[in-house]
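Student: Structure for the following, please:
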Amino acid sequence: MRFQTPLLPATLIRRYKRFLADIRLEDGREVTAHCPNPGAMLGLKEPGIRIWVEPNDDPRKKLKYGWRIAELPDGHLAGIDTGISNRVVKEALTGRAINPLAHYGTVRPEVGYGTGSRIDFLLQQEGLPDAYVEVKNVHLRREDDWAEFPDSVTTRGAKHLVELAKVSASGGRAVMLYLVQRTDCSRFRLAPDLDPAYARAFDSARAAGVEMLCFGTHISAEEITLATQLSVDRRPQSAA
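Tutor: Below you'll find the predicted structure:
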């Protein structure tokens, strides 16, 4: 997924009201940027960190900059735009770059299913069961090389796991795909201390046959693309 406009370096002054960030551009101007992330952004919102923002000249948008990347102290990068995950995964699915799902030729986004839900991607191929794929963005790291999800309570996320478990129980193929927008992680697990209910829903969904996949990303100021598959902790997550 290439950025439409080249990113510009900036310094974070503060992130507030969830979707706003005051930043300082390299020319010294202080402006407010859109922060496309509803989560807690633990470890990614400290004042003074170097960030990368995407400018726009869309007259319909009040804010002329969108925060996309945070630079980490060790030189690694983290993508903070949660909306990018679906775009990265869609490109990978249509390009058949996700090996466990590469046999599917039709990729349909935002298809209704379950109880008032919409699946991120419905994959179809003659001779194969339909595959329901839900995508979650991951950018939390607290220990070693573990990527963790979620970084705050997500009732909606737990509902998605319940819906996927129903798909699996009815004979369909259900997949939860976690995309890690960090370049310093090689393993994935949940953060049950931050959302115990989600961890319980995860364990129940996995026991019901929902496939749990995780992939990393390549991140630069030009693009964010799918990287290698990461291992998912096999232990029960609600007891971790």
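Student: who's in contact with Val138?
Tutor: With contact set as C-beta atoms under 8 Å, 6 or more residues apart in numbering, Val138 has these partners: 147-149, 178-182, 188, 214. The C-beta positions use only the backbone N, C-alpha and C, and glycine is treated the same way.
Student: go again using 6 Å as the cut-off
Tutor: Contact analysis of Val138 by C-beta atoms under 6 Å, 6 or more residues apart in numbering lists 147, 149, 178, 180.
Student: What is the nearest of those residues to Glu222?
Tutor: Val180 (19.2 Å; C-beta to C-beta).
Student: Thought Ile219 was touching that closest one, still the case?
Tutor: No. If you go by C-beta atoms under 6 Å, Val180 and Ile219 don't touch, sitting 10.1 Å apart.
Student: So for these two, which sits in the more crowded spot?
Tutor: A side-by-side neighbour count of Val180 and Ile219, using other C-beta atoms under 10 Å, places Val180 first with 28 against 22.
Student: low pLDDT regions in this structure?
Tutor: Where the chain drops to pLDDT under 70, the residues are 240.
Student: Taking the centroid of it, which residue is nearest it?
Tutor: In the chain, the residue lying closest to the centroid (C-alpha atoms, centre = their mean) is Asn137, at 1.2 Å.
Student: residues contacting that one?
Tutor: 82, 85, 179.
Student: Would you mark the buried spots in stretch 59-74?
Tutor: For stretch 59-74, burial by neighbour count (16 or more other C-beta atoms under 10 Å) applies to 63, 65-72.
Student: ugh, wrong one, stretch 87-94
Tutor: 88-93.
Student: that older thread, tell me which of the contacts of Val138 is nearest to Ile98?
Tutor: Using C-beta to C-beta, the contacts of Val138 come closest to Ile98 at Tyr178, 12.3 Å.
Student: Quick check: which element contains that closest one?
Tutor: Assessed by DSSP states H and E, Tyr178 sits inside strand 173-180.
Student: so after that strand, what's the next helix or strand?
Tutor: Once the chain leaves strand 173-180, the next helix or strand it forms, by DSSP H and E, is strand 187-190.
Student: what lines up beside that following strand in the sheet?
Tutor: strand 146-149 (parallel), strand 231-232 (parallel) (DSSP bridges).
Student: Can you name the next helix or strand after it?
Tutor: Following strand 187-190 in sequence, per DSSP H and E, is helix 196-207.
Student: That next one - contacts with which helices or strands?
Tutor: helix 155-169 (3 or more C-beta pairs under 6 Å, 6 or more residues apart in numbering; DSSP states H and E).
Student: Swap in 8 Å and give it another go.
Tutor: helix 155-169, strand 173-180, strand 187-190 (3 or more C-beta pairs under 8 Å, 6 or more residues apart in numbering; DSSP states H and E).
Student: Which of these sits closest to Ala199?
Tutor: strand 187-190 (4.9 Å).
Student: Just the CA trace of that closest one, in CSV.
Tutor: Provided in CSV are the C-alpha atoms of strand 187-190 (Å, rounded to 0.1, in the frame of the first residue of the first chain):
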residue,chain,number,x,y,z
ARG,A,187,5.5,-13.2,17.8
PHE,A,188,1.9,-12.5,18.7
ARG,A,189,-0.2,-12.9,21.8
LEU,A,190,-3.1,-11.2,23.5
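Student: biggest separation within the contacts of Val138, which pair?
Tutor: It's Phe149 and Val180 that sit farthest apart of the contacts of Val138, by C-beta to C-beta, at 8.7 Å.
Student: which neighbours do these two share?
Tutor: Common neighbours of Phe149 and Val180 (C-beta under 8 Å, 6+ apart) are 138, 188.
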